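> need coordinates for the below:
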Amino acid sequence: MRLALASVALGAVGVVFAVSTWVTWLIIQPGDPTPLTIVVALVLGALWVVVLGAAVLALIFGFVGRAAGGLAKAGIGLGVVAMLLALGGAVAFVAAAADWTPVVAR
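Reported below is the predicted structural model:
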């Protein structure tokens, strides 16, 4: 029961962090790199890694505590949503960061 509750808590926190990170990402629009937007985008990229870790823990705790029934399934569902949001954010971060520094072959 405790693991299922931890799964729900981690999943919910992960979803809230992921959505708020996406909203911040859309506000700063890191397409035009200024020093401030690059720093903020780096912090947001780190937050997506943290959300990904919370989502993985939510999935693990949900699978281990699945004897609790619906509570564990809710935690697994929230963990999957948080993981998808975080993976999308990580892809968006990498795509934006690829435009910041041109790679020159020597």
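> mind listing the helices for this protein?
Using DSSP state H, the helices of the chain run over 2-28, 35-64, 70-98.
> now mean neighbour count and mean pLDDT too, for those, in CSV please.
From N, CA and C alone the C-beta is placed, and that goes for glycine too. CSV is the format used below for the helices of the chain (neighbours: other C-beta atoms under 10 Å; pLDDT from 0 to 100):
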stretch, mean neighbour count, mean pLDDT
helix 2-28, 18, 93
helix 35-64, 18, 91
helix 70-98, 18, 92
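> which residues sit in contact with the spatially most central residue of the chain?
The residue lying closest to the centre of the chain (C-alpha atoms, centre = their mean) is Ala86, at 2.7 Å. Ala86 is in contact with 14, 18, 48-49, 51-52, 55, counting by C-beta atoms under 8 Å, 6 or more residues apart in numbering.
> if we go to 10 Å?
By C-beta atoms under 10 Å, 6 or more residues apart in numbering, the contact set of Ala86 is 14-15, 17-18, 21-22, 47-56.
> okay, among these, which ones form the most distant pair?
Using C-beta to C-beta, the contacts of Ala86 span at most 18.8 Å, a distance reached by Trp22 and Val56.
> hang on, the earlier thing: tell me the one of the contacts of Ala86 nearest Asp99?
The closest of the contacts of Ala86 to Asp99 turns out to be Trp48 (C-beta to C-beta; 17.8 Å).
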